[in-house]
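Participant: Sequence first, then the predicted structure, then my questions.
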Amino acid sequence: MRIASLVPSATEMLFGLGLGDQVVAVTHECDYPTEASRKRHLTRSLVPAYSASTNSAAYSAATNTAAGPTAGEIDAAVRRLTREGKHLYALDEEALAELDVDLIVTQALCEVCAVSYDDVVAVAARLPSRPRVISLDPNDLGEVLDDLDRLGEVTGVRDRAAELRASLEARLAKVRSAVDGAARPTVLPLEWLDPPFTGGHWVPEMIEIAGGEPLLCVRGGKCPTAGWDEIAAANPDVVVAMPCGWDARQARAEIEAHPAEVAATGAELIWAVDGAASFSRPGPRLVDGTELLAHLLHPDRVGAPEGVPFEPVPATDLAGRR
């Protein structure tokens with residue numbers, strides 16, 4: 001089978017199922033595992049000021065350098081393009097035709113995260129190979145795991161999917177057991193900071209499994225917006241910055257770009273984490289993110305997961321930046 005993945009989380013699942021050799025093309029944002037980034041790219045961003053490399057553009061934005069837009073500028077550009085009915089991504093139809101794919105895996109959950117589902121279906125209908133298109137659109141952790149089963153069924157590796165799912169469920173169960181009976185701090189996740197978006201979809205569930213109480217979140221739904229005054233009034237014990245698609249260093253830079261607002265929450269602990277790796281993408285690494293949250297909230301009960309980056313942001317650092 002020849003597979004094209006048009007969403008990073010699907011790419012991660014496909015490689016996790018041992019199908020990396022059958023994946024012939026991915027998006028420009030597919031950077032995990034490393035070998036995925038070497039596959040042919042089928043997409044590029046149409047958001048103004050973005051480079052072909054999402055990571056370099058995002059870092060420039062987070063550090064507010066001339067090479068890239070700020071978080072607020074990115075949000076404004078996305079809103080403008082969406083309002084005007086314009087695309088956020090370009091899909092290389094010629095490359096898809098040349099690759100003669102049998103299966104295209106995409107999503108319709110978030111119009112900001114991938115090529116339009118309707119466009120993908122229309123392109124697939126024009127391709128000589130008439131590939132099957134499946135859309136992975138989970139709203140919570142259970143549905144993320146269900147998507148593993150779906151991919152396993154479609155690609156003929158049901159046993160591998162069942163094995164991977166069981167291992168992920170066992171890790172989540174271990175986290176639940178480790179934090180059972182512990183005091184539950186209130187947690188405010190920030191999935192974007194300019195403007196502020198709090199946690200949606202699977203993030204509140206991750207916090208709950210990790211032994212915390214999510215604030216200003218929508219479980220199983222889109223990330224809600226919130227004003228900084230509302231965020232401060234929530235008075236969280238912990239703030240976790242996880243900007244969608246950005247890593248821990250970029251998340252810290254975003255916190256430091258809004259020092260007064262974040263400090264006004266009065267949070268005892270402020271953390272910057274890798275949103276792209278462990279929180280934004282509905283794939284197997286959400287379990288890594290859950291384990292990390294459990295460590296951040298209950299370090300006496302859960303050790304830091306290996307290879308999952310995070311950075312503390314002392315409140316004293318923010319006080320000096322006001």
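Facilitator: Received it, and whenever you're ready, just let me know what you need. Since the model is a prediction, treat every value here as computed from it, not as a measurement. Residues are numbered from 1 along each chain as shown.

Participant: remind me which residues of the stretch 1-150 of the chain are low pLDDT?
Facilitator: In the predicted model of the stretch 1-150 of the chain, residues 48-68, 75, 77-79, 81-87, 109-114 satisfy pLDDT under 70.

Participant: can you give me the helices in it?
Facilitator: Here the stretch 1-150 of the chain has its helices, by DSSP state H, counting those that start in this stretch, at 8-16, 54-62, 71-83, 93-99, 117-126, 141-155.

Participant: The last one - contacts with which helices or strands?
Facilitator: Under the contact definition 3 or more CB pairs under 8 Å, 6 or more residues apart in numbering; DSSP states H and E, helix 141-155 sits against helix 8-16, strand 103-106, strand 132-135, helix 158-179, helix 203-209. Any C-beta I mention is one placed from the backbone N, CA and C, and that applies to glycine too.

Participant: SS state for the residue nearest to the spatial centre of the chain?
Facilitator: Closest residue to the average C-alpha location of the chain: residue 280 at 1.3 Å, with CA atoms, centre = their mean. Under the three-state scheme (DSSP: H, G, I helix; E, B strand; the rest coil), residue 280 adopts coil.

Participant: How about residue 311?
Facilitator: Residue 311 - assigned by three-state DSSP - is strand.

Participant: Kindly provide the distance from the most far-flung residue of the chain relative to its centre to residue 260.
Facilitator: Centroid-distance maximum for the chain: residue 128 at 33.0 Å, with CA atoms, centre = their mean. In this structure, residue 128 and residue 260 are 58 Å apart, going by CB to CB, to the nearest Å.

Participant: now do residue 42
Facilitator: Residue 42 is 42 Å from residue 260, by CB to CB.

Participant: can you check residue 137 too?
Facilitator: 37 Å.

Participant: swap in residue 19?
Facilitator: From residue 19 to residue 260 the distance is 48 Å (CB to CB).

Participant: Straight-line length of stretch 130-142, end to end?
Facilitator: 31 Å (CA to CA, to the nearest Å).

Participant: rewinding a little: okay, residue 42 and residue 260: which has more neighbours?
Facilitator: Taking other CB atoms under 10 Å, residue 42 and residue 260 do not tie; residue 42 has more neighbours (26 against 11).

Participant: Go ahead and confirm the more buried one touches residue 29.
Facilitator: No: with contact defined as CB atoms under 8 Å, residue 42 does not reach residue 29; the gap is 10.9 Å.

Participant: nearest to residue 151, of the helices and strands packed on helix 141-155?
Facilitator: helix 8-16 (5.6 Å; CB to CB).

Participant: so of the helices of the stretch 1-150 of the chain, which one's packed in deepest?
Facilitator: helix 8-16 (a mean of 25; mean count of other CB atoms under 10 Å).

Participant: next one: that helix to chain centre, how far?
Facilitator: 13 Å (CA atoms, centre = their mean, to the nearest Å).

Participant: next one: stretch 16-35
Facilitator: So, by CA atoms, centre = their mean, the centroid of stretch 16-35 is 16 Å from its chain's centroid.

Participant: Going by neighbour count, list what's buried in it.
Facilitator: Within stretch 16-35, the residues scored as buried using 16 or more other CB atoms under 10 Å are 16-17, 19, 22-32.

Participant: closest to residue 70 among those residues?
Facilitator: Nearest to residue 70 out of the buried residues of stretch 16-35 is residue 29 (CB to CB; 19.6 Å).

Participant: could you give the mean pLDDT of the helix or strand containing residue 288?
Facilitator: Assigned by DSSP states H and E, residue 288 falls within helix 286-297. Here helix 286-297 scores 98 as its mean pLDDT.

Participant: buried residues in that helix?
Facilitator: 286, 287, 288, 289, 290, 291, 292, 293, 294, 295, 296, 297.

Participant: Would you mind measuring from the third one to residue 295?
Facilitator: Meaning residue 288. In terms of CB to CB, residue 288 sits 11 Å off from residue 295.

Participant: Touching both of the two, which residues are there?
Facilitator: Taking CB atoms under 8 Å, 6 or more residues apart in numbering as the contact rule, residue 288 and residue 295 both touch residue 305.

Participant: on that earlier part again, can you list the buried residues of helix 286-297 in CSV and add distance to residue 232?
Facilitator: Below are those laid out as CSV (distance: CB to CB, whole Å):
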residue, distance to residue 232
286, 28
287, 32
288, 30
289, 25
290, 27
291, 29
292, 25
293, 22
294, 26
295, 26
296, 21
297, 21
